[in-house]
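S.K.: coords below, sequence missing:
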């Protein structure tokens, strides 16, 4: 069935338009997660400002991809996994779900390593910080209200604005920026591998599942399309600027230094960047940003998997249902959170693990974006379907970015610099 979930919703008033905002901003705040922060910091420490133009150039594609989920969500009122199952069958639905599960597990591990790493900065064992984080995440989602979860998660995610303070205090060099952007070692396999990690950090598969399902759960309709697009566009620009701020701070403070090349944990990154604001205040600011990023991303990617499993398997999946009325939905969410925290409790807090998770995202892009484009062309009515020059530009940009990501990942995995 095709039709908006709430076709009569009125968004003419300022408050009405603001009420629509949430899914786009939240999923973008989650995109600036602990893995993204670590990857950007490592990229800045080793390669200077060279990846900053790439981060900014990816803003249009990030918006265009997520905007398709907005169209699909408001027109059909259904989630991404459910539409794949209806249009392309069970095989592709389960294939997309397996890819989602791999991406979510990788992301959750990085989120909890971020939480553990920040706790250890203050001498608090992960045996204490991880259970507290788990309880907080279960409590936030267990309320049985999408809007309450959304507002709480956005509030937590806004602590990421601390990254702008760190970048400003690092006093970046415009001359160094210009020099680095003209010196791209495209033949270096390590550089190509980091390129794949940067792309994978920007395009997380769970973002597509989450935003479309959140729009359906929030019951947005065609009348909300413009406001939802603005929500997504603002979020896309914000997340890339936040990521760029981390990279700038690392490039200005650590580039070409021995310390920068040897970063091996969230704690070491914090210790390296903290002096730009003063030891105590700098550590507090960076810690707030990483904790906000980690917690909001853990909420979003876990919910994305819970929604995805529910849509493909056919069980009740909504934050508007009480936990006892949607046991499988909340059960999958709880299993993701508890299981990932337990895994991190026995794992080392290494930067390479965070970067590898982003590279995995880059390898999953052809499956996720390919199915999204096919859904948009096949499912949307003529009035809202991407077509003409816009469609071909979207396809061309998507193919180019996916090719660079896969090639960079393959170069790093199967070659040596």
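M.R.: Nice, thanks for sending it over. Small disclaimer: the values here were computed from a predicted structure and weren't measured.
S.K.: I'd assumed residue 122 was in contact with residue 270.
M.R.: No - contact criterion CB atoms under 8 Å: residue 270 and residue 122 do not qualify, at 10.3 Å. C-beta: built from backbone N, CA, C; applies to glycine.
S.K.: what is in contact with the two at once?
M.R.: Shared contacts of residue 270 and residue 122 (CB atoms under 8 Å, 6 or more residues apart in numbering): residue 287.
S.K.: Who has more neighbours out of these two?
M.R.: Set side by side, residue 270 and residue 122 give different neighbour counts by other CB atoms under 10 Å, the larger being at residue 270 (23 against 11).
S.K.: Can you give me the neighbour number for the residue nearest to the more buried one when sequence neighbours are not counted?
M.R.: Counting by CB to CB, 6 or more residues apart in numbering, residue 286 is the residue found nearest to residue 270 once chain neighbours are left out, at 4.7 Å. Here the neighbour count serves as a burial measure; for residue 286 (other CB under 10 Å) it reads 29.
S.K.: Quick check: residue 286 touching residue 166?
M.R.: Yes - when contacts are counted by CB under 8 Å, residue 286 is listed as touching residue 166 (6.0 Å).
S.K.: So which bits of the strand or helix carrying residue 330 are buried?
M.R.: In the assignment (DSSP states H and E), residue 330 maps to helix 327-345. Within helix 327-345, the residues that qualify as buried are 329, 330, 332, 333, 334, 336, 337, 340, 341, 344, counting by 16 or more other CB atoms under 10 Å.
S.K.: elements contacting that helix?
M.R.: Helix 327-345 sits against helix 90-121, helix 126-141, helix 279-313, with contacts defined as 3 or more CB pairs under 8 Å, 6 or more residues apart in numbering; DSSP states H and E.
S.K.: For that helix, what is the distance to the chain centroid?
M.R.: Taking CA atoms, centre = their mean, to the nearest Å, the mean C-alpha location of helix 327-345 is offset from the chain mean by 19 Å.
S.K.: What's the mean pLDDT across it?
M.R.: Averaged over helix 327-345, pLDDT sits at 84.
S.K.: How about stretch 228-246?
M.R.: If you average the pLDDT over stretch 228-246, you get 91.
S.K.: Residue 43 against residue 194, yeah?
M.R.: Yes - contact status for residue 43 versus residue 194: in contact at 5.4 Å, counting by CB under 8 Å.
S.K.: shared neighbours of these two, which are they?
M.R.: Counting by CB under 8 Å, 6+ apart, the common neighbours of residue 43 and residue 194 are residue 51.
S.K.: Tell me which of the two has more neighbours.
M.R.: Set side by side, residue 43 and residue 194 give different neighbour counts by other CB under 10 Å, the larger being at residue 43 (28 against 24).
S.K.: residues contacting the closest residue to that one other than its chain neighbours?
M.R.: With CB to CB, 6+ apart as the criterion, residue 43 has its nearest non-adjacent residue at 4.8 Å, and that residue is residue 51. Residue 51 makes contacts with 40, 43, 44, 194, 195, 198, 247, as judged by CB under 8 Å, 6+ apart.
S.K.: again, only using 10 Å
M.R.: With contacts defined as CB atoms under 10 Å, 6 or more residues apart in numbering, residue 51 is in contact with 39-40, 43-44, 180-181, 184, 191, 194-195, 197-198, 243-244, 247, 251.
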